[in-house]
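Undergrad: take this sequence and fold it.
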Amino acid sequence: MPHTDVPALAPTASGLTAAEVADRVARGQVNDVPARSSRSVGEIVRANVFTRFNAIIGVLWLVMLAVAPIQDSLFGFVILANTGIGIVQEWRAKQTLDSLAVVGEARPTVRRDGTAVQVSTSELVLDDLIVIGPGDKIAVDGTCVEADGLEIDESLLTGEADPVVKRAGDRVMSGSFVVAGGGAFRATKVGREAYAAQLAEEASRFTLVHSELRSGISTILKYVTWMMVPAAIGLVVTQLFVKNNGFRDSIARTIGGIVPMVPEGLVLLTSVAFAIGVVRLGRKQCLVQELPAIEGLARVDTVCLDKTGTLTEGGMDVTGLHALDGADEGYVRQVLGALGESDPRPNASLQAVIDAFPHADGWRCTESLPFSSARKYSGAAFNESDGESDGGSSTWLLGAPDVLLDDDDPALGETERLNEQGLRVLLLARAARDLGDPEPARGARPVALVVLEQRLRPDAGDTLRYFAEQNVQAKVVSGDNAVSVGAVAAKLGLEGAAVDARGLPADQDGMGRALDEGTVFGRVTPQQKRDMVGALQSRGRTVAMTGDGVNDVLALKDADIGVAMGSGSEATRAVAQIVLLDNSFATLPSVVAEGRRVIGNITRVATLFLVKTVYSVLLALLVVCWQVEYPFLPRHLTMLSTLTIGIPAFFLALAPNTERARPHFVRRVMRYSVPGGVIAGVATFVTYLLARHHYTGDGSLEAETSAATLTLFLASMWVLAIIARPYTWWRVLLVASMGVAFLLVLAVPSLQHFFALKLVGLTMPWIAVGVAAVAAIALEFSWRWVDRRFPD
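TA: Predicted coordinates:
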């Protein structure tokens, strides 16, 4: 929509005074929407303390403190330590997120006391006069008071794809963003009253939802709960009513059977792994606005890249001016200088023109048409004057040659030659129609070609090679000329002919096939970028989209993972899950690596925890069926859990891991943990029954327990040894040190007494070792059979 008779945005109001702002702050009329990046300390504490399993463990701990020695209550102190670690790590992640959010925060421009100043979004007050331009996000609801060709995209709110032209008096809604032109609006609703505030509060807050890892763990915990209930009831009945042991001992052994069924550390370690990932990425100036994005980018198999600002740096340089049909180059320079002066919010291309061609006196802008990604050109009308006489009026357009010119125009040949060198070319054309005409470019006469050179990011090539090595497909989708985009992509090692997106099929299936065949696409409209993301997703792809401009917002919003540059527009940063604050494309591999570390390691750790749950439930059921005492006291299983699961899991969860992220988390964990837990449980119970037959008299139960503990420890150690593969020096050291710690418990008298563990004689301990060896062989065969039978 052209704007007439205003050379630049002319202020019609001075905005609020300092006293008026203070008055509104005092009345609470402030934009106090909660910060996006993190949850409060109270929420972190509640999330780590008030969990279903903490409640179960807590009740059992209190009972145990009342009826048994302190060493049988160690499991409660372990839970306290785990919860404390979880709170501290998530608090560290919160600190990192909050500090980075301040760096990446959008700072709207407001007019106060007649002066334009930048303030944080939370400092906006009711009736503030907010100045907006291309790429700016509308932070609060308001009424437009100034408009200079202002076009606003409301698709994220209404679903309407076409930008809406705004004039003075029109309503603007928070959550929309400016795609062309500029203006100012007065805030009429701030804070939670604003149109999009409720959505933003729910959708934008620090969250762990929409994560396959988190939902998978929730599914596993649901199964575990159902397994625990009948086993625990049976154990209570058997130990308290069927056996005639002392009440306190029966209580202790009942709780000893129930506690290890709870995979208490699994959720904790998942949260800690995510939180440490946030802190690590924060050191690289990478703001993770939604935690699942760390995991999500590791699962991505297709990355859609916008060229400008992603593969190339934001700035450009004018390297040539080619006058056409004998046009006067001096006059052309004046026109370009006047065009640059006519736009108060120039994009990168126009900024390069402004830098190269200073404004000439005597040119007065009477009408302007701001640039938009959908149009691919901008324009302005001028009254020319040489200072002595009126030189008449003229209307000019500046934009994409292949959009402004007919297909048979000879100027396109020169444009094609320059594009093949990776150069960006703008056409200056004299319009034959008014800017208010529905087709202002029709009949335009080409006058000159402006040649721009884009600076490639030095890290772009290495990053693209990394994605290629990881079997992640890269698709370049740009609004620029297809040949030019193809030349830039070729310099970065991307193969394949460039495709002009104007010829792509409109239907999703046809577009999906074209995307499968092509790599580089030019002349892509913002709506097409969004459609491309949808077409790839419809073919089962997990898609990441990177971009920095307002034309990328729709695609970023729809992609599985949106990655924005820190220097990008406010709207782009607002919808992205990941913001690269230092604008370094090379940070993406670090994000992928963190995601792979989290996914791969939590899969390992989850298997460890669930093997324990499976063998604990199985042992409880076998005890019920055989009508015997439960073989363990809580202290035994606390020690076993600490040495074979707790300590190793902590190190394994945080270790580097470059394995590709694979789907079906629940299936992959259960297929190993079920056979592993069954083998360990059966082996332990066999040893226990043999020991019951072997030992008689006073102290026999303690001896039976010690033999069963030895078998269970060795079987659990073998599970740990399998999980720890492939071996590195520190993993071998980790497994070996856990074995040495158990030997110390068996060898040191005070520890023997503390843990009630003492191997009696030689026969039964060696039988326990032999049963464990058979279990180890069974574990190896079952693991390999599962790998062959259920490949990834």
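Undergrad: show me the contacts for the residue nearest to the spatial centre of the chain.
TA: With distances taken as Cα atoms, centre = their mean, the chain has Ala293 as the residue nearest its mean C-alpha position (1.6 Å). By Cβ atoms under 8 Å, 6 or more residues apart in numbering, the contact list for Ala293 reads 561, 577-578, 591. Yep, even glycine has a C-beta here, placed from its N, CA and C like the rest.
Undergrad: how about 7 Å then?
TA: Going by Cβ atoms under 7 Å, 6 or more residues apart in numbering, Ala293 touches 561, 577-578.
Undergrad: and the gap between it and Ala606?
TA: Distance of Ala293 to Ala606, computed by Cβ to Cβ, to the nearest Å: 21 Å.
Undergrad: run a quick neighbour tally on Arg789.
TA: 9 (other Cβ atoms under 10 Å).
Undergrad: go on, Arg433?
TA: 15.
Undergrad: what of Arg788?
TA: Counted with other Cβ under 10 Å, Arg788 comes out at 7.
Undergrad: could I get the buried residue list for whatever helix or strand it lives in?
TA: Using DSSP states H and E, Arg788 sits in helix 763-789. Of all the residues in helix 763-789, those buried under the rule 16 or more other Cβ atoms under 10 Å are 764-765, 767-768, 771-772, 775-776, 778-779, 782-783, 786.
Undergrad: how far out from the middle of the chain is it?
TA: Centre-to-centre, helix 763-789 and its host chain are 41 Å apart (Cα atoms, centre = their mean, to the nearest Å).
Undergrad: now do that helix, average pLDDT.
TA: The predicted model assigns helix 763-789 a mean pLDDT of 93.
Undergrad: same question, stretch 77-94
TA: 81.
Undergrad: do the same with stretch 128-143
TA: Mean predicted confidence for stretch 128-143 is 88.
Undergrad: list the buried ones in it?
TA: 128-142.
Undergrad: and which of the residues you listed is nearest to Cys625?
TA: Proximity of the buried residues of stretch 128-143 to Cys625 (Cβ to Cβ) peaks at Lys137, which lies at 64.3 Å.
Undergrad: so what sits opposite that closest one in the bridge?
TA: Phe177 (DSSP bridges).
Undergrad: so which elements touch the top helix by length along the chain?
TA: For the chain, the longest helix by residue count, based on DSSP state H, is helix 588-626. Applying 3 or more Cβ pairs under 7 Å, 6 or more residues apart in numbering; DSSP states H and E, we find helix 588-626 packed against helix 212-237, helix 247-258, helix 264-283, helix 292-299, helix 460-469, helix 647-654, helix 665-694, helix 700-723.
Undergrad: okay, Gly387: pLDDT?
TA: Reading off the model, Gly387 has pLDDT 48.
Undergrad: if you could redo that for Ser590, that was the one I meant.
TA: Predicted confidence (pLDDT) for Ser590: 82.
Undergrad: surely it and Gln285 touch.
TA: No - contact between Ser590 and Gln285 fails when scored by Cβ atoms under 7 Å: they sit 10.3 Å apart.
Undergrad: which SS state does His359 fall under?
TA: Following DSSP: H, G, I helix; E, B strand; the rest coil, His359 is assigned to coil.
Undergrad: before we move on, back to that, can I get the helices and strands packed on helix 588-626 in a markdown table with distance to Arg112?
TA: Rendered in a markdown table, the data for these read as follows (distance: least, Cβ to Cβ, whole Å):
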| stretch | distance to Arg112 |
| --- | --- |
| helix 212-237 | 44 |
| helix 247-258 | 64 |
| helix 264-283 | 33 |
| helix 292-299 | 36 |
| helix 460-469 | 41 |
| helix 647-654 | 48 |
| helix 665-694 | 52 |
| helix 700-723 | 61 |
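Undergrad: now for the closest residue to Gly595 other than its chain neighbours: which residues touch it?
TA: Using Cβ to Cβ, 6 or more residues apart in numbering and skipping the chain neighbours, the partner closest in space to Gly595 is Ala298 (2.6 Å). Contact analysis of Ala298 by Cβ under 7 Å, 6+ apart lists 592, 595-596, 599, 661.
Undergrad: need the max-distance pair from those residues.
TA: Val592 and Ile599 (10.6 Å).
Undergrad: can you pull out the helices in the stretch 301-450 of the chain?
TA: 329-342, 348-356, 401-404, 411-419 (DSSP state H, counting those that start in this stretch).
Undergrad: make CSV out of these and add mean pLDDT, mean neighbour count and distance to Phe53.
TA: Listed next are the helices of the stretch 301-450 of the chain as CSV, based on pLDDT from 0 to 100; neighbours: other Cβ atoms under 10 Å; distance: least, Cβ to Cβ, whole Å:
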stretch, mean pLDDT, mean neighbour count, distance to Phe53
helix 329-342, 89, 20, 64
helix 348-356, 86, 19, 53
helix 401-404, 88, 22, 61
helix 411-419, 86, 18, 62
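Undergrad: out of these, nearest to Thr463?
TA: helix 348-356 (21.0 Å).
Undergrad: before we move on, the earlier item: please name every helix or strand in contact with the helix holding Arg788.
TA: So helix 763-789, by 3+ Cβ pairs under 7 Å, 6+ apart, packs with helix 665-694, helix 700-723.
Undergrad: redo those as JSON lines? Include mean neighbour count, mean pLDDT and distance to Leu240.
TA: As requested, the helices and strands packed on helix 763-789 are arranged in JSON lines below (neighbours: other Cβ atoms under 10 Å; pLDDT from 0 to 100; distance: least, Cβ to Cβ, whole Å):
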{"stretch": "helix 665-694", "mean neighbour count": "21", "mean pLDDT": "92", "distance to Leu240": "20"}
{"stretch": "helix 700-723", "mean neighbour count": "24", "mean pLDDT": "94", "distance to Leu240": "16"}
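Undergrad: between those, which one is nearest to His753?
TA: Shortest separation from His753 across these is recorded for helix 700-723, at 10.9 Å, computed as Cβ to Cβ.
Undergrad: would you tell me what the next helix or strand after that closest one is?
TA: Of the helices and strands lying after helix 700-723 in sequence (DSSP H and E), the nearest is helix 729-747.
Undergrad: next, the buried residues of that following helix.
TA: For helix 729-747, a neighbour-count test (16+ other Cβ under 10 Å) marks 731, 734-735, 738-739, 742, 745-746 as buried.
Undergrad: kindly report the same for stretch 417-428.
TA: Those would be 418-419, 422-428, for stretch 417-428 by 16+ other Cβ under 10 Å.
Undergrad: using CSV, write down the CA coordinates of that stretch.
TA: This file holds the C-alpha atoms of stretch 417-428, laid out as CSV (Å, rounded to 0.1, in the frame of the first residue of the first chain):
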residue,chain,number,x,y,z
ARG,A,417,25.4,-13.8,-16.0
LEU,A,418,25.9,-11.9,-12.8
ASN,A,419,23.7,-14.3,-10.8
GLU,A,420,25.8,-17.2,-11.9
GLN,A,421,28.8,-15.6,-10.1
GLY,A,422,26.8,-15.6,-6.9
LEU,A,423,26.1,-11.9,-7.0
ARG,A,424,22.8,-10.3,-6.1
VAL,A,425,21.3,-8.0,-8.6
LEU,A,426,18.7,-5.3,-8.2
LEU,A,427,16.9,-3.6,-11.1
LEU,A,428,16.2,0.1,-11.1
